[in-house]
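Novice: can't give you the sequence, but here's the structure:
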């Protein structure tokens, strides 16, 4: 059963021109790799002795904690150390402290809303710059009805084939992205990498541009593409195999069947030495 988003990862205000409405940004994906595995309780003679001690310390050892009001706090509960200064080192080895200046820059560049800057064609959204995605949900607070604003934007952008260029504050930094109507009926914000943060491909990425590829091989590759086209209805047919195996592992462990669990081994394909032969075999498999 497909789950729904539970809580907003960011609460902010949608601003378009003079119109404002409270909204929430709900992270679209819930990566199974974020599973929190349980850990066995750490019991030791030293910890048991520490709990039995009236001061919470191990007998025979001195505590490095801070003493307050007759009680001795552990180091983790004492006053946190002051943050380390931030700055730059000059050529002569002198340190220039920029801590306050860096904090001032962060305050000047942190946004308190999700602002619509402009609109572009949905066809011109650079997909290679997408780094994250969020549903836009109605929030609570003062301002126009957020559901009505979201609905108006959804209808208008869908009919005009437009995407909204937006920027917003995310934690202690600002982000840029585009907001588009999604086939699910929701508005979606696609977080994008800044243009100045993009990296150019290196020589390894462009090595194929310098190869002398024969037209006959291109024809074979085209035939393979045509044979494999539309073999799957969508990306939904491709599942997170690791997540499935982990779920099976958890289920068997909870039912006392851990000894019977074996991860499925990947199939081993025969080694092919000729590129042309391999492509021909692939075409035959796709057409079967």
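Specialist: Yes, it's here. Model, not experiment: these values are computed from the prediction.

Novice: can you check the distance spanned by stretch 138-146, start to finish?
Specialist: 5 Å (CA to CA, to the nearest Å).

Novice: what is the mean pLDDT for that stretch?
Specialist: Mean pLDDT, stretch 138-146: 73.

Novice: and what of stretch 228-245?
Specialist: Rounded mean pLDDT across stretch 228-245 is 70.

Novice: check stretch 164-183 too.
Specialist: pLDDT averaged over stretch 164-183 gives 87.

Novice: check which residues of it are buried.
Specialist: Using 16 or more other CB atoms under 10 Å as the burial criterion, the residues of stretch 164-183 that qualify are 164-170, 175-182. Bear in mind the C-beta positions are built from the backbone N, C-alpha and C, glycine included.

Novice: contact partners of it?
Specialist: 10, 12, 16, 25, 106, 109-120, 122, 125, 135-136, 153-154, 157-158, 163, 187-192, 194 (CB atoms under 8 Å, 6 or more residues apart in numbering).

Novice: drop anything exposed from those.
Specialist: 10, 12, 16, 25, 111, 113-116, 119, 125, 135-136, 153-154, 157, 163, 187-192.

Novice: give me the subset of the residues you listed lying in strands.
Specialist: 10, 12, 16, 25, 114-116, 119, 135-136, 163, 187-192 (DSSP state E).

Novice: residue 5 - how many residues pack around it?
Specialist: Neighbour count for residue 5, taken as other CB atoms under 10 Å: 17.

Novice: oh, and call the first residue 148 from now on, that's how I've got it
Specialist: Noted, 148 is the first residue going forward, which turns the last one into residue 152.

Novice: that one reaches residue 173, doesn't it?
Specialist: Yes. Residue 152 lies in contact with residue 173 (CB atoms under 8 Å); the separation is 4.0 Å.

Novice: shared neighbours of these two, which are they?
Specialist: Counting by CB under 8 Å, 6+ apart, the residues touching both residue 152 and residue 173 are 282, 284.

Novice: low-scoring stretches of this structure, by residue?
Specialist: Along the chain, segments meeting pLDDT under 70 span 148-149, 177-183, 186, 189-225, 288-291, 318-319, 378-383, 385, 406-421.

Novice: the helices in it, which residues?
Specialist: Under the criterion DSSP state H, the chain contains helices at 192-199, 246-256, 293-307, 350-353, 362-375, 388-401, 422-434.

Novice: most tightly packed of those?
Specialist: The highest average neighbour count among the helices of the chain, using mean count of other CB atoms under 10 Å, belongs to helix 293-307 at a mean of 15.

Novice: what packs against it?
Specialist: Contact analysis of helix 293-307 by 3 or more CB pairs under 8 Å, 6 or more residues apart in numbering; DSSP states H and E lists strand 157-163, strand 166-174, strand 277-285, strand 309-317, strand 320-328, strand 334-339 as its packing neighbours.

Novice: can you check which of those gets nearest to residue 396?
Specialist: strand 166-174 (25.5 Å; CB to CB).

Novice: okay, buried residues for that closest one please.
Specialist: Those would be 167-174, for strand 166-174 by 16+ other CB under 10 Å.

Novice: what's the angle from it to helix 293-307?
Specialist: Relative orientation of strand 166-174 versus helix 293-307 (axes from the mean of the first three to the mean of the last three CA atoms, to 10 degrees): 80 degrees.

Novice: run the angle between strand 166-174 and strand 309-317 for me.
Specialist: Interaxial angle of strand 166-174 relative to strand 309-317 (the same axes, to 10 degrees): 80 degrees.

Novice: mind listing what strand 166-174 pairs with, with the direction of each?
Specialist: Its sheet considered, strand 166-174 pairs with strand 157-163 (antiparallel), strand 277-285 (antiparallel) by DSSP bridges.
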